[in-house]
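# This is a predicted model, with the sequence first.
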Amino acid sequence: MAINLQRNNNGLWADVAKGGASMWAPGVSTKAKLVATRASGARGELLDRNGAPIMSVGKVHDVAIDPARASTQTVAKLEKLSTNLPDPWSPSSPRPRPPVP
């Protein structure tokens, strides 16, 4: 690609395109603007080699207990809540069990 050089107002050499066209994107006018946007798609399913889901899309709630600050009552409440959650390691779980290394 041939580059055209011309001195700018500061006396330095600058590359210029013929007729005001873009050197980097022919056919784009000098008044065109570059606009960046972000787009995010839906998260896809994670599947194993047989096409069975490994993890499904859903809400995740991280829970941490500081043993130095947790009371017996707090631990008991969390144990009661966790009994209502599906166990991914259970054979009756709707999802396949993760592989054991």
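Good, I have the coordinates.
# so which helix or strand takes in the residue nearest the centre of the chain?
Among the residues of the chain, the one closest to the centroid is Ser40, at 7.6 Å (Cα atoms, centre = their mean). Applying DSSP states H and E as the criterion places Ser40 outside every helix and strand.
# ok so Gln6 is a strand residue?
Yes: applying DSSP: H, G, I helix; E, B strand; the rest coil, one finds Gln6 inside a strand.
# List the residues that contact it.
13-14, 16 (Cβ atoms under 8 Å, 6 or more residues apart in numbering). Just so you know, the C-beta spots here come from the backbone N, C-alpha and C atoms, and that holds for glycine as well.
# If burial is judged by neighbour count, which of the residues you listed pass?
Buried by 16 or more other Cβ atoms under 10 Å: nothing, out of the contacts of Gln6.
# Among those, name the least confidently predicted one.
For the contacts of Gln6, the weakest pLDDT value sits at Val16, with 75.
# That one touches Arg7, doesn't it?
No: Val16 is beyond contact range of Arg7, at 10.0 Å (criterion: Cβ atoms under 8 Å).
# List the buried residues for stretch 44-53?
Residues of stretch 44-53 classed as buried: none (neighbour count, 16+ other Cβ under 10 Å).
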